[in-house]
Structure formats: structure tokens, C-alpha cells
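Q: I would like to see how this sequence folds:
(one chain, ligands or ions: 2)
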Amino acid sequence: MKRRVPLGEGRGHEKPQNWSRFDELPDWLDGRARELAFKNLGSLGGGNHFIEIQAGDDGLVWLLLHSGSRNLGYRIAERHHQIAKERHPELGDLAFLEAGSEEGRAYIREMNLALAYAPENRARMMAAFKETLGHTCAGVTFLKEINIHHNYAAKEEHFGEPVWVHRKGATSAQAGEEGIIPGSMGPPSYIVAESFASCSHVAGRTMGRMAASRMLSKNACDRAMAGVVFYGWHAMRGKKGRGLLDLSEAPQAYKNIDEVIAAELDLIEPVARLRPLGVLKG
Ligand SMILES: Nc1nc2c(ncn2[C@@H]2O[C@H](COP(=O)(O)O)[C@@H](O)[C@H]2O)c(=O)[nH]1
Ligand SMILES: [Mn+2]
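A: Numbers count the residues shown, from 1 in each chain. Ligands and ions are numbered 1, 2, ... in the order given. Below you'll find the predicted structure:
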């Protein structure tokens, strides 16, 4: 997988990739950002993005992959947020665009393109993952797939009204829908079923990246990863982190996933608890 999928911050394919929807990229996206959109399709990204093999207490082996639109969605949101702030300076960061206006429609169109790029990105990596596994585990069969966003807006009907639902750090969890709530790189993750239309999308952090790398010890982090295959810790990048080991993704930097799940049992029904076997981080 390390050979097939570019992993890590700023790493994409050497050559531009093909995708039938690249001609819908907005004209204002130019230069390096445009080039990256072509080269990043099918690459993981850095930080908390991951590819994992997990053993489920449902008897299945689960392949988990966390990656999104690789900065495209961020660029689109940033651009239109800027336009909204120019239209409504009195609202500061809470400025908005009217959904029916030309500018609002342009934002929704471009956001939806990023929301198509993200699953396409994941699908390419997952295809490589399945093929790689197919070589090593003869006869393996793949069952269902759960593919879900956690930073987006969608028009939905609730209580008989059409409304825009913004899920920033939340996933949809409508009747009949299954979701994924990752813990962190050592502890378990969960597959969950329907709730009050949304639920938490992850465990979430307890400490910042720099704080974790300063305060945690390598030994304690290694202990927290006992039994999970991973590539170990690398040096922190950038001036501020000089001389430090990057422990920013260690399990101790995240909330306890079992407590997070317990706190939202009135919203969700856990379907499977997954124990990580191997982790590839970005
Ligand atoms: N199963 C794993 N979960 C992880 C890992 N690293 C982080 N995480 C969890 O995912 C979210 C990502 O949050 P986002 O809002 O930035 O998308 C993070 O909060 C952790 O709970 C991992 O290696 N494996
Ligand atoms: Mn994410």
C-alpha cells in the first residue's frame, strides 16, 4: 500500500490523474491549487488521515480509510466564505450567502463537486487496498461498504420542513444508515446505526499536536499501540517542533472512544466495535 498510495502531507501522484468531473473545477482555482487537485486524487494526506485493518466483534475484518477532498473542499469553502464576509461585513465570520442567490448557488455547486471528489479519492485508495489484500489473502471476499462525509451541508427534510443541515464534525445518521466513529490509532473504532439524524463523527482530541509531542513519552505511546502494527513515530516537521518526536497522533492525544460512544447512546446504536490490527498514517 505504501508503494501504491501517496501518503502524508503534501504528497500526491507525480502525474495528473483522470476523472470525468475535472472539467467542473472552478476557473478561479488556478496555479498550484489546480495542479494539486489533479495530482491528489487517490492520495491519503497527512495528520489524522489513516488506512487501517480492524478486527470487528461482529466476526468481520473491516478496512477503514479516513481522507476527504484533499484541500479542495477547504479552498472552496474559504473562497466563498470570503465572498460572504464581503457581502455581510457586519456578521464577521458568521457571514452567509443566500442559498437561492447566484453566489449561493455557485458555492453549493462547488461544494458538491468537492463532495464528489472525496468519495472518488477514497474509492481509488480502497480499490488499491482491496487489490493488495487480494494478493496476500487468496479467496478474500468483500462485503458491504460504508462511505460517509463529515464536513458538509445538505438540503434535507426534517419535521416536514426543507432545511439546510450543516454537519461540521458530524455525520449523517438517518434511519437505515450506518456510520463510522473512529477512535484513534491504537484504541477501538465503532460502526454505528441510526440516530436522531446526526451523530459525532470521531472521538476528537484532548490535546493539541504540539502539546502532545511535548508532554507525552515515546514509551507510553508505544505501550498504547501494543498489538497494533504501525510504522512508529517520526520527527516533528517545522521549526517549532525541532528536536521533538511527533506524538501528535498518539492515542493519548484523543478522547476515550468508549466514553464518547457511551455519552451518545441515546443517539446511536453501536453495531460493531473494531480493534485495530494495522495502521498506515499519512
Ligand atoms: N481509527 C483511527 N482513528 C483516528 C486515527 N487518527 C485520528 N483518528 C480519529 O479520527 C478523527 C479525525 O477527526 P477529523 O475531524 O479531523 O476528521 C480524530 O478526532 C480521531 O478521533 C487513526 O489513526 N485511526
Ligand atoms: Mn476528517
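Q: so Pro119 sits in a helix?
A: Yes: per DSSP: H, G, I helix; E, B strand; the rest coil, Pro119 lies within a helix segment.
Q: residue contacts, it?
A: By CB atoms under 8 Å, 6 or more residues apart in numbering, the contact list for Pro119 reads Asn147. C-betas here are computed from N, CA, C, even on glycine.
Q: count of residues packed around the closest residue to Val5 other than its chain neighbours?
A: Distances taken as CB to CB, 6 or more residues apart in numbering put Met125 closest to Val5, at 5.1 Å, once the chain neighbours are dropped. Met125 is flanked by 23 other residues according to other CB atoms under 10 Å.
Q: so Met125 makes contact with Asn40?
A: No: assessed by CB atoms under 8 Å, Met125 is found out of contact with Asn40, at 11.3 Å.
Q: how would you label the residue nearest to Val5: helix, strand or coil?
A: Strictly by three-state DSSP, Met125 counts as helix.
Q: Show the model's pLDDT score for it.
A: Note on Met125: pLDDT of 98.
Q: distance of it from Leu274?
A: 18 Å (CB to CB, to the nearest Å).
Q: Ok, Gln54 next?
A: For Gln54, the distance to Leu274 - CB to CB - is 4 Å.
Q: Which one's more surrounded, those two?
A: More crowded of Gln54 and Leu274, by other CB under 10 Å: Leu274, with 26 against 22.
Q: Which residues outside stretch 41-50 are in contact with it?
A: Residues from elsewhere that reach stretch 41-50 (CB under 8 Å, 6+ apart): 5-13, 17, 19, 51, 64-68, 70-71, 117, 120-121, 124-125, 128, 182, 185, 248-249, 279-282.
Q: Of the residues you listed, which are in range of ligand 1?
A: 64, 66, 182, 185, 249, 279, 281 (CB under 6 Å from any ligand atom).
Q: Now do the SS call for the fifth one.
A: When states are read from three-state DSSP, the local structure at Glu249 comes out as coil.
Q: residue contacts, it?
A: So Glu249 contacts 47-48, 184-185, 281 (CB under 8 Å, 6+ apart).
Q: most neighbours, which of these?
A: Going by other CB under 10 Å, Ser184 tops those with 26 neighbours.
Q: May I ask you to confirm that that one is in contact with Thr206?
A: No: applying CB under 8 Å as the test, Ser184 and Thr206 come out as separate, 9.8 Å apart.
Q: Which neighbours do the two have in common?
A: Counting by CB under 8 Å, 6+ apart, the residues touching both Ser184 and Thr206 are 253-254.
Q: buried residues in stretch 69-81?
A: 69-73, 75-77, 79-80 (16 or more other CB atoms under 10 Å).
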